[in-house]
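In: With the input below, show me the fold.
(2 chains, ligands or ions: 1)
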Amino acid sequence: MSNVVSALNGVSQSGIALVEETGLRGMITVRGDLASKPMAKALKDVLGASVPEQRQIASGEKGAVAWMSPDELLVICDHGAAEDIIASLNAALAGEHVLVVNVSDARAVFKVSGECAREVIAKLAPVDLAPGAFEPGMMRRTRFAQVAAAFWMNDDGSFEIICFRSVARYVFDLLCVASVDGSEVGFFN
Amino acid sequence: MLTLQCPYCGVWAEETELHAEGEAHLKRFGPGSEDEAFEGYLFMRENPKGVHFERWRHSNGCGKFFHAARSTTTLEVFGTYSAQTLEPPQEIKDKISAKYPGWSWREFA
Ligand SMILES: [Zn+2]
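Out: Numbers count the residues shown, from 1 in each chain, chains lettered A, B, ... in the order given. A predicted model of the protein is given here:
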């Protein structure tokens, strides 16, 4: 089997925030009726997660489940576990009108951490990032400058950003410029 | 800056997260229809000074199409609503009537 690598080989830069490409990550798009009982049972049985509320991300033992749209979820898991999870989800949802597809290698994942993480994200996305308006457990699909991206906030205050692999370098460069030393705005402090 | 609330994901999205998708509530006339009706469907669009109904797509977001009612002169937004409907909801029509009594747009008033 060929050697699987992430888009930017784990590149990182430290400025007012630490920007890292997090490496390989499993991602599975699930489309279907999010309100259905089989969907809730499948997520619980396979991942140990509940169906996330609108614009939330729910965590389970085997992965997190992010709300992407009224009929779409994104499962975030270990890269190596994706195929097994897909098989289990398909088995659990047999007979249902659903789509379960591995999108892991179509994406890149970045992490922005540090005291100014909020500010770095706020410089790039048209989203209210004021404390209280955006908090851990929230998921937001939006744009970063000129490309589509989505991000969520972890309990430790760091952000993880997903984008298409083809624009990984662009997004990394954006994050680096937004977090360059001396560029604090201090808007949220 | 125009800000619309996406009825599908609830986000108050500013214009750069959205894509304008033309006039709302177009009725399709396809093969077998009168030439005039087909021409109207393809080319004839409202261009009002005031109350207008549009389709938008939350393209940098949940990806869904939705409808918006707004004024082209003041940029005030009367509301956004589902794409799965053939006419504006009564509640939005009432809101427009309160501000612009006697308004009309295509067959709606
Ligand atoms: Zn939306």
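In: residue contacts, whichever residue of chain A sits closest to the ion?
Out: In chain A, the residue that lies nearest the ion is residue A:69 (6.9 Å; C-beta to the ion). Where you see a C-beta, it was placed from the backbone N, CA and C, and this is true even at glycine. Applying C-beta atoms under 8 Å, 6 or more residues apart in numbering or on different chains, we find residue A:69 in contact with A:141, B:8-9, B:62-64.
In: Narrow those residues to those in strands?
Out: Per DSSP state E, strands hold the following members of the contacts of residue A:69: residue A:141.
In: From residue A:43, how far out is the residue of chain A closest to the ion?
Out: Residue A:69 sits 16 Å away from residue A:43, taking C-beta to C-beta, to the nearest Å as the criterion.
In: and if you look at residue A:182?
Out: According to C-beta to C-beta, residue A:182 stands 45 Å off from residue A:43.
In: Which one's more surrounded, these two?
Out: residue A:43 (25 against 6; other C-beta atoms under 10 Å in any protein chain shown).
In: Which helix or which strand is home to that one?
Out: Using DSSP states H and E, residue A:43 maps to helix A:37-47.
In: Quick check: buried residues in that helix?
Out: Taking 16 or more other C-beta atoms under 10 Å in any protein chain shown as the neighbour-count basis, helix A:37-47 is seen to contain the buried residues A:39, A:42-43, A:46-47.
In: One more: stretch A:61-70?
Out: Under the neighbour-count criterion of 16+ other C-beta under 10 Å, stretch A:61-70 has A:62-69 buried.
In: Export those residues as TSV, with columns for pLDDT, secondary structure and distance to residue B:46.
Out: As requested, these are exported to TSV (pLDDT from 0 to 100; DSSP: H, G, I helix; E, B strand; the rest coil; distance: C-beta to C-beta, whole Å):
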residue	pLDDT	secondary structure	distance to residue B:46
A:62	96	coil	52
A:63	96	coil	48
A:64	97	strand	45
A:65	98	strand	43
A:66	98	strand	39
A:67	98	strand	36
A:68	98	strand	34
A:69	98	strand	29
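In: could these go into CSV alongside distance to residue A:159?
Out: Compiled in CSV, those are given as follows (distance: C-beta to C-beta, whole Å):
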residue, distance to residue A:159
A:62, 22
A:63, 18
A:64, 14
A:65, 18
A:66, 13
A:67, 17
A:68, 17
A:69, 21
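In: Going by distance to residue A:30, which of the residues you listed wins?
Out: Each of the buried residues of stretch A:61-70 was scored against residue A:30 by C-beta to C-beta, and residue A:65 proved nearest at 8.0 Å.
In: Can you name the residues that contact the closest residue to residue A:159 other than its chain neighbours?
Out: Counting by C-beta to C-beta, 6 or more residues apart in numbering or on different chains, residue A:112 is the residue found nearest to residue A:159 once chain neighbours are left out, at 4.7 Å. Contacts for residue A:112 (C-beta under 8 Å, 6+ apart) come out as A:17-19, A:120-121, A:158-161, A:175, A:179.
In: How about the secondary structure of the residue of chain A positioned farthest from its centre?
Out: Among the C-alpha atoms of chain A, the one most distant from their mean position (C-alpha atoms, centre = their mean) is that of residue A:95, at 28.5 Å. Judged by DSSP: H, G, I helix; E, B strand; the rest coil, the three-state class of residue A:95 is coil.
In: From the chain's centroid, how far away is the helix holding residue A:43?
Out: Helix A:37-47 has its C-alpha centroid displaced from the chain centroid by 20 Å (C-alpha atoms, centre = their mean, to the nearest Å).
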